[in-house]
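> Sequence and computational prediction follow.
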Amino acid sequence: MRRRDFALICAGQLLGLAALEAGLCATPAVLASLGAESDASLVFWTGLSQSAAAGFAIVAIPVWGRVGDRVGRARMLVRAQAGLAAALALMAFANSPWQVVFARALQGAFAGTTPAALALVAGGGDGARRMGWVRSYGLAGAVAGPLLGGLLLPFIGTAALFLGGAALCAALAAASWGVREEPLADAPLPAAASGAGRLYAASAGLSFFRTLEDPLLPVIARTLAPASWIALSGAGLSVSRGVQALVSPWWGRECERRGVHAVLSACALGSGLFTAAQALAGTPATLLLTRAALGFFAAGAVAALYACAGGAGERRGEAVAWTASGLRLGGALAAGAAVPLAALVGIPGTLVLAGAGVAAIPRLVFRREYREDACAVSCSTGT
């Protein structure tokens with residue numbers, strides 16, 4: 001792949017996701033200005049808009065991935081960026097909460113900038129490393145977007161914020177039209193893609209247990225720092241994302257060196273341990289350090305899942321899309337299950353359960369691959 005094209009894809013991830021996240025942080029303000037003024041009404045419409053986007057995306061992303069394998073993955077990147085531009089523009093002109101929900105549903109239906117970009121750069125001997133860089137820029141955009149939106153919103157208003165994001169995404173779509181999708185000599189990683197079904201199950205399972213603790217983070221923060229729990233909660237999310245953005249390229253390289261299942265197993269174990277360790281955090285500093293370690297291992301687990309998908313040869317677009325859809329599905333299910341589960345077993349019990357689930361999922365889903373790896377090691381050592 002040409003350096004210019006790769007740089008454009010990375011820049012598109014950074015700027016596109018920053019524009020999306022900046023708009024999302026302004027969505028509650030838009031809904032409040034359109035009549036959702038009470039707390040109950042604001043929560044209802046915000047939740048409905050988020051559910052519309054997530055629901056459509058979970059279904060649409062695998063479809064677009066399969067289409068991309070047939071008609072071209074570069075076209076899917078242009079399609080996703082143009083769809084995001086249209087959704088943000090509709091948000092700027094929304095006149096009722098239902099129109100906001102429709103715009104978010106449209107965004108979900110045309111979602112897939114990250115899967116399209118990952119499928120485009122995957123393949124070849126260093127595909128996992130390139131995928132790591134693409135994810136790194138995307139995570140950086142996700143961290144910068146809310147900060148940018150919060151800074152600009154008081155000065156330019158919601159409509160200008162959404163229109164600016166729409167114009168930026170439209171420009172990215174136009175620039176991406178020139179990306180050349182060169183045929184790559186696919187070199188699947190050792191024990192790479194094992195079928196879309198198992199990739200989907202592993203992605204959904206890991207995401208479910210990994211994000212089960214996210215809705216509980218504000219409660220943990222309020223216990224540790226009653227006077228500044230909002231800031232601590234935001235810092236906990238940001239430090240985890242920031243670490244993931246920094247180390248994703250490195251984990252991509254490790255997937256190429258050590259094999260995807262070795263990285264996935266080690267990182268799932270690390271993620272599980274530090275997920276559970278949050279129950280032992282006694283100070284804000286301890287919580288932030290635990291979140292940083294959690295981000296380090298979570299980045300490796302996701303990098304290994306995408307590296308599995310990237311080794312699927314000519315069907316890598318579909319495999320990457322199923323992986324992305326599974327990650328979204330797991331997060332959506334966890335958001336609904338966290339509170340009732342915490343009420344049943346308590347927050348420490350939920351964290352321990354989530355950690356155990358994260359550690360166990362790869363071994364459960366890819367048990368055949370691990371048996372084959374163990375057999376290969378045994379044969380090579382003569383034991």
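Yep, it's here.

> Only the buried residues of stretch 19-28, if you could.
19, 20, 21, 22, 23, 24, 25, 26, 27 (16 or more other C-beta atoms under 10 Å). No exception for glycine: its C-beta is placed from N, CA and C like everyone else's.

> Return the member of the residues you listed nearest to residue 289.
The nearest member of those to residue 289, counting by C-beta to C-beta, is residue 21 at 25.0 Å.

> Dihedrals phi and psi, the closest one?
phi -70, psi -30 (degrees, to the nearest 10).

> Now do stretch 21-34: everything it contacts.
The contact list for stretch 21-34 (C-beta atoms under 8 Å, 6 or more residues apart in numbering) reads 42, 45-46, 49, 88, 91, 94-97, 100, 104, 141-142, 144-146, 148-150, 152-153, 158, 161-162, 165.

> The residues you listed in strands, which ones?
In this view, those have no member that belongs to strands under DSSP state E.

> Please type out the ChimeraX selection for whichever of the residues you listed turn out to be buried.
To isolate the buried members of those in ChimeraX, using 16+ other C-beta under 10 Å:
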select :42,45,46,49,88,91,94,97,100,104,141,142,144,145,146,148,149,153,158,161,162,165
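
> Sitting in helices, which of the contacts of stretch 21-34 do you find?
Residues of the contacts of stretch 21-34 located in helices (DSSP state H): 42, 45-46, 49, 88, 91, 97, 100, 104, 141-142, 144-146, 148-150, 152-153, 158, 161-162, 165.

> give the contact list for the nearest residue to residue 365 once chain neighbours are set aside.
Spatially, and ignoring its direct neighbours in sequence, residue 365 is nearest to residue 202 (4.2 Å; C-beta to C-beta, 6 or more residues apart in numbering). By C-beta under 8 Å, 6+ apart, the contact list for residue 202 reads 305, 326, 361, 362, 365, 366.

> Same list (those) but as a markdown table, adding neighbour count.
Output for these, formatted as a markdown table (neighbours: other C-beta atoms under 10 Å):
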| residue | neighbour count |
| --- | --- |
| 305 | 28 |
| 326 | 26 |
| 361 | 26 |
| 362 | 25 |
| 365 | 22 |
| 366 | 23 |
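
> how about the helices of the stretch 251-383 of the chain, start to end?
260-277, 284-310, 316-365, 367-381 (DSSP state H, counting those that start in this stretch).

> Quick check: residue 9 vs residue 299, distance?
19 Å (C-beta to C-beta, to the nearest Å).

> now do residue 179
Taking C-beta to C-beta, one finds residue 179 at 26 Å from residue 299.

> Neighbour count: those two, which is higher?
For residue 179 and residue 299, the more surrounded residue by other C-beta atoms under 10 Å is residue 299, and the numbers stand at 28 against 23.

> so which helix or strand takes in the nearest residue to that one once chain neighbours are set aside?
Closest residue to residue 299 apart from its sequence neighbours, by C-beta to C-beta, 6+ apart: residue 244 at 4.0 Å. Using DSSP states H and E, residue 244 sits within helix 229-258.

> ok, and for that helix, which residues are buried?
229, 232-233, 235-245, 247-252, 254-256.

> List the buried residues in stretch 349-357.
350, 351, 352, 353, 354, 355, 357.

> meant to ask about stretch 66-85
Result for stretch 66-85 [16+ other C-beta under 10 Å]: buried residues 66-69, 73-85.

> next one: stretch 283-299
In stretch 283-299, counting by 16+ other C-beta under 10 Å, buried: 284, 287-288, 290-299.
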